[in-house]
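Engineer: Return a 3D structure for these sequence lines:
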Amino acid sequence: MSTNTRFSDIVLEDAKLSMSAKGLFVSIGFLGNGCKLDKLLSRTTDSTAALLKSLTELERAGYIEIDARKTIHVKSPAAFGTRI
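Structural biologist: Prediction:
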């Protein structure tokens, strides 16, 4: 099992996250680390507000970071210690 798969499992098993946030995390994985917010927006029927709410959930949980250029970065699995 790859590190990325194990890391995704941690996110998907996090009971504190909404299903929307979990689905968004999977979408970020498909688009690739460093994807842009506008690319995510172009691939959803969800409102901008709904997408931003899910991104905020992931960011507060510590799974992603969003930089000033609105690029989304998945944090390193090493940041989660023994949970992986």
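
Engineer: Just give the closest residue to the residue nearest the centre of the chain, not the sequence neighbours.
Structural biologist: Among the residues of the chain, the one closest to the centroid is Phe25, at 3.3 Å (Cα atoms, centre = their mean). Distances taken as Cβ to Cβ, 6 or more residues apart in numbering put Val11 closest to Phe25, at 4.9 Å, once the chain neighbours are dropped. For glycine as for every other residue, the C-beta is placed from the backbone atoms N, C-alpha and C.

Engineer: ranges for the strands of the protein?
Structural biologist: Taking DSSP state E as the test, the strands found in the chain are 35-36, 64-66, 71-74.

Engineer: Now the first one: average pLDDT?
Structural biologist: It stands for strand 35-36. Per-residue pLDDT values over strand 35-36 give a mean of 92.

Engineer: How about residues contacting that strand?
Structural biologist: With Cβ atoms under 8 Å, 6 or more residues apart in numbering as the contact definition, strand 35-36 has outside contacts at Ile28, Arg69, Lys70, Thr71, Ile72.

Engineer: tell me the two of those residues that are most distant?
Structural biologist: Greatest spatial distance among the contacts of strand 35-36 (Cβ to Cβ): Ile28 and Arg69, at 15.6 Å.

Engineer: and those two? which has more neighbours close in?
Structural biologist: Here Ile28 and Arg69 are compared on neighbour count by other Cβ atoms under 10 Å; more neighbours surround Ile28, at 22 against 7.

Engineer: Now render the contacts of strand 35-36 as CSV, adding distance to Leu17 and pLDDT.
Structural biologist: Listed next are those as CSV, based on distance: Cβ to Cβ, whole Å; pLDDT from 0 to 100:
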residue, distance to Leu17, pLDDT
Ile28, 13, 91
Arg69, 25, 93
Lys70, 21, 92
Thr71, 21, 93
Ile72, 16, 93
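
Engineer: No further questions, thank you.
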